[in-house]
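Novice: Sequence and predicted structure, then a few things I'm wondering about:
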Amino acid sequence: MNREGFPDDSDRPPVLAHQRFAADRKSFAGLNLAQRFQRIHDCNLWGAAESVSGLGSEIDATAVLRTELPRLLARLAVGSLLDAPCGDAGWINAAKPGVRYVGVDIVPALIERLRTRAAAGEIAGDYRLADLTCDSLPRCDAILCRDCLVHLSFANIERAIANFRRSGARWLFATTFPGWQVNLDCEDGDWRALNFERPPFDWGPPVELLNENCTEAGGGWRDKSLGVWRLSDL
């Protein structure tokens, strides 16, 4: 255990998203960012039965978020939310966040399905195709970037944060692991934990920290949280 009371980095259990990417790594050679996430989508690489967005997007895994996110948005006086990336937008629609909602994703098939469902009245929201590292993003009060930066290289995280700032949003909600000690770089599409209070990010303590009560891999990632930072401070 480290001083935060969580397992040391080396004692953490394996994560399915990393294991499956490592086993299929050769197939990603030469692919750009959009092609990588298209492949992950097409073969359900992250291995979740309910959601192509991975185990963390299944309904049981988001119970705390679905209850607490609307309260958090109200507390911060957020009237509009950009979900970047939105994935299949399953749990967020179940949460009914109570704000104007825009979802963006880099995978065309996801956005096409979401637009069709929204047009039919099955789900709420405005859905747009976009690469969050470089494309112009719609202006919203807050950006929800859950379970995404953990899949991006340091270089693309830097690009994404710069792009988020350009959008004019005030708040960034991002997945962070407060008990994690050493941040390592990774190949785009792979997975590793990140603690944004530590180098090379050094964002400082979040304004709000919502623990998701993650039970994946026997609770070895129970510090998984949604941290909230002011984008102007990053």
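Specialist: Received it, and whenever you're ready, just let me know what you need.
Novice: Please identify the helix or strand for Leu144.
Specialist: strand 142-145 (DSSP states H and E).
Novice: Sort out which residues of the helix or strand that that strand is followed by are buried, please.
Specialist: Next helix or strand after strand 142-145 toward the C-terminus (DSSP H and E): helix 154-167. Residues Asn156, Ile157, Arg159, Ala160, Ile161, Asn163, Phe164, Ser167 are the ones in helix 154-167 that count as buried (16 or more other CB atoms under 10 Å). C-beta coordinates here come from the backbone N, C-alpha and C atoms, glycine included.
Novice: packing partners for the strand holding Leu144?
Specialist: strand 80-83, helix 154-167, strand 171-176 (3 or more CB pairs under 8 Å, 6 or more residues apart in numbering; DSSP states H and E).
Novice: Any chance of a markdown table for those, columns distance to Ala17 and mean pLDDT?
Specialist: Putting those into a markdown table (distance: least, CB to CB, whole Å; pLDDT from 0 to 100) gives the following:
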| stretch | distance to Ala17 | mean pLDDT |
| --- | --- | --- |
| strand 80-83 | 19 | 98 |
| helix 154-167 | 17 | 98 |
| strand 171-176 | 12 | 98 |
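Novice: nearest to Phe37, of those?
Specialist: helix 154-167 (11.3 Å; CB to CB).
Novice: so what does the closest one touch, helix or strand wise?
Specialist: Going by 3+ CB pairs under 8 Å, 6+ apart, helix 154-167 lies up against strand 142-145.
Novice: starting at the chain centroid, how far to the helix or strand bottoming out on mean pLDDT in the chain?
Specialist: Sorting the helices and strands of the chain by mean pLDDT, DSSP states H and E puts helix 90-95 at the bottom, at a mean of 87. Here the centre of helix 90-95 is set off from its chain's centre by 14 Å, with CA atoms, centre = their mean, to the nearest Å.
Novice: C-terminal to it, what's the next element?
Specialist: Next in line after helix 90-95, if elements are assigned by DSSP H and E, sits strand 100-105.
Novice: Count the neighbours of Ser232 for me.
Specialist: 9 (other CB atoms under 10 Å).
Novice: One more: Asn32?
Specialist: 10.
Novice: pLDDT value on it, please?
Specialist: As predicted, Asn32 sits at a pLDDT of 97.
Novice: picking up where we left off before, the helices and strands packed on strand 142-145: which one's closest to Gly219?
Specialist: Nearest to Gly219, of those and by CB to CB, is strand 171-176 at 16.8 Å.
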